[in-house]
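Asker: Here is a sequence together with a model predicted from it:
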There are 2 protein chains.
Amino acid sequence: MNSLAYALLSVLTRESMSGYDLMLRIQPFWQAKHSQIYPLLSKMEQAGYVEHILVEQSDKPDKKVYSSTEAGLNALRDWLSQPSADLVTRDEMLIKVYASWLGDRAELRRHLEDRIVACQKRLRHLEGLRDKYSSDFQADASAMDLLSPAFSSYILIRRSLQIVNSDLEWCNWVLELLRQQELASGTDAPSST
Amino acid sequence: MNSLAYALLSVLTRESMSGYDLMLRIQPFWQAKHSQIYPLLSKMEQAGYVEHILVEQSDKPDKKVYSSTEAGLNALRDWLSQPSADLVTRDEMLIKVYASWLGDRAELRRHLEDRIVACQKRLRHLEGLRDKYSSDFQADASAMDLLSPAFSSYILIRRSLQIVNSDLEWCNWVLELLRQQELASGTDAPSST
DNA sequence: CGACCATATGTCAAACGTTACATATAATCA
DNA sequence: TGATTATATGTAACGTTTGACATATGGTCG
């Protein structure tokens, strides 16, 4: 069992769902394609960590709804007690920024603007999640039960929003420096496409 | 050529160095082990993007010092003009936090404290980098040449510091909520090890 | 002296992840 | 009607990354 398997279990312990829905649910927190999730769910079922029932649908294709078993819950609890693996980030844009002195200002601006668009999309998605579960969150976070699924979701979404907002903040800071320098030097037509 | 190859090139266009030093240099921005870097450098040399000379050392084992070629520089410039791949983050701790309601408060606290230790270590490393290159950075960032290696390094280190600090901020926020609830409820001996 | 660590390079197998190929249903849109 | 999109599941080839094994030098610490 790898980290993705436990990520799937940590969703299935809260709510039973299909591989397709798991993919969508986990996407913002652990990138994985359906081609990785479907075979993994089969392996997890063979290992006895999850089980599924076939649910027929009239408006959409039929689906397999997975649930965590007792063994799955125990495996997840064991994993929780282990130290976490190191955080892994691979941000190609940051490497391009590091090498951006080899290009021109427009190129650097384009990379930053692309990132801003991606951040805004992600922000809308996360705000949607926040609003969807806001009824679970009490107005006063400190009054919530810290060992409840609602609180765990709450701090996870808070963290995700914080990450995206700090990304946006940095992009805008660099863009502002670019604008200042373009105005000051007069090079690189400021209003070009 | 993959992203890692261009990350290596983006260092080698600034400064020639050994595979070992490259590994240490890009570690904070793109995680890669020596077992990935050494074969990749060979492939890049075969492709004509880098070349190396053998440097004999008396106090340490001899090393291969790699430099970027003209072809390597051109390849890097081409890559720069392409849109960036999506940001990938895999944070096992965040998944554990999401499932932490299955465990106890001490376990959640331990995960957060482990992360804080890792952040502090990273912070010291980044502050070391910042101070090491601070002479390259002018007091007024907006007065720097935005297409200089110094400026690119500056904004990269700023971003890295921002990421670590926001991580620390969030961990401390959750720890504070934990402390408040433990004091209020009286469960979970507050001063246990 | 022996253990361990930092430096330095390398290979290989296994695990992990992405892309492309494949199929099927039902809704929407032109 | 035909094209596209969202839903839903699956396999196979390929590329990426890690972990283990391997070797060697020279310094430090007990």
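Answerer: Noted; the coordinates are in hand.
Asker: Spatially nearest residue to residue A:153, not counting backbone neighbours?
Answerer: Once flanking residues are discounted, residue A:153 sits nearest to residue A:133: 5.6 Å by CB to CB, 6 or more residues apart in numbering or on different chains. All C-beta spots, glycine's among them, are computed from the backbone N, C-alpha and C.
Asker: Does the strand or helix carrying that neighbour reach DNA strand D?
Answerer: For residue A:133, the host element (DSSP states H and E) is helix A:105-133. No. Applying CB under 7 Å from any atom of the strand, one finds helix A:105-133 separated from DNA strand D by no less than 12.9 Å.
Asker: Run through the neighbouring helices and strands of that helix.
Answerer: helix A:92-98, helix A:149-185 (3 or more CB pairs under 8 Å, 6 or more residues apart in numbering or on different chains; DSSP states H and E).
Asker: Now mean neighbour count and distance to residue A:69 too, for those helices, in CSV please.
Answerer: What follows is the helices and strands packed on helix A:105-133, written out as CSV (neighbours: other CB atoms under 10 Å in any protein chain shown; distance: least, CB to CB, whole Å):
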stretch, mean neighbour count, distance to residue A:69
helix A:92-98, 24, 39
helix A:149-185, 18, 18
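Asker: Can you convert those into CSV and add a column each for mean pLDDT?
Answerer: Listed next are the helices and strands packed on helix A:105-133 as CSV, based on pLDDT from 0 to 100:
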stretch, mean pLDDT
helix A:92-98, 98
helix A:149-185, 93
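Asker: Tell me which residues touch the residue positioned nearest the centre of chain A, please.
Answerer: With distances taken as CA atoms, centre = their mean, residue A:28 lies nearest the centre of chain A, 1.8 Å away. With contacts defined as CB atoms under 8 Å, 6 or more residues apart in numbering or on different chains, residue A:28 is in contact with A:122, A:125, A:126, A:129, A:160.
Asker: how about these, which pair is most distant?
Answerer: The span of the contacts of residue A:28, defined through CB to CB, is set by A:122 and A:129 at 10.6 Å.
Asker: Near DNA strand C, which residues of chain A are found?
Answerer: So far as CB under 7 Å from any atom of the strand goes, chain A lies against DNA strand C at A:2, A:3, A:4, A:31, A:32, A:33, A:35, A:36, A:58, A:59, A:60, A:61.
Asker: repeat that for 10 Å
Answerer: With the criterion set to CB under 10 Å from any atom of the strand, chain A comes near DNA strand C through A:1-5, A:7, A:30-40, A:43, A:56-62, A:85, A:88, A:90.
Asker: quick one, phi psi at residue A:52?
Answerer: phi -140, psi 160 (degrees, to the nearest 10).
Asker: residues in contact with it?
Answerer: A:41, A:45, A:64, A:65, A:66, A:67.
Asker: quick check, the first one in a helix?
Answerer: Yes. According to DSSP: H, G, I helix; E, B strand; the rest coil, the state of residue A:41 is that of a helix.
Asker: can you tell me which residues contact it?
Answerer: A:8, A:19, A:22, A:50, A:52, A:64, A:66.
Asker: From those residues, list just the buried residues.
Answerer: Neighbour counting by 16 or more other CB atoms under 10 Å in any protein chain shown classes A:8, A:19, A:22, A:50, A:52, A:64, A:66 among the contacts of residue A:41 as buried.
Asker: which two in these are spaced the farthest apart?
Answerer: A:8 and A:64 (13.1 Å).
Asker: Without its sequence neighbours, what residue ends up closest to residue A:4?
Answerer: Per CB to CB, 6+ apart, closest to residue A:4 is residue A:32, 5.6 Å.
Asker: One more: residue A:109?
Answerer: residue A:178 (5.9 Å).
Asker: Surely that neighbour is in contact with residue B:147?
Answerer: No. Using CB atoms under 8 Å, residue A:178 makes no contact with residue B:147, being 10.0 Å away.
Asker: what residues are shared contacts of the two?
Answerer: A:105, A:108.
Asker: Make a markdown table out of the contacts of residue A:41 and add pLDDT.
Answerer: What follows is those, written out as a markdown table (pLDDT from 0 to 100):
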| residue | pLDDT |
| --- | --- |
| A:8 | 98 |
| A:19 | 98 |
| A:22 | 98 |
| A:50 | 98 |
| A:52 | 98 |
| A:64 | 98 |
| A:66 | 98 |
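Asker: closest to DNA strand C among these?
Answerer: For the contacts of residue A:41, the minimum distance to DNA strand C (CB to the nearest atom of the strand) is 11.0 Å, reached by residue A:8.
Asker: So the closest one belongs to a helix, correct?
Answerer: Yes. Counting by three-state DSSP, residue A:8 is part of a helix.
Asker: Please list the residues of chain A that sit near DNA strand D.
Answerer: Going by CB under 10 Å from any atom of the strand, the residues of chain A near DNA strand D are A:17-24, A:33-43, A:45, A:52, A:54-55, A:57, A:59-66, A:85-86, A:88, A:90, A:92.
Asker: taking these one by one, which sit in helices?
Answerer: Among the residues of chain A next to DNA strand D, the ones falling in helices (DSSP state H) are A:19-24, A:34-43, A:45, A:92.
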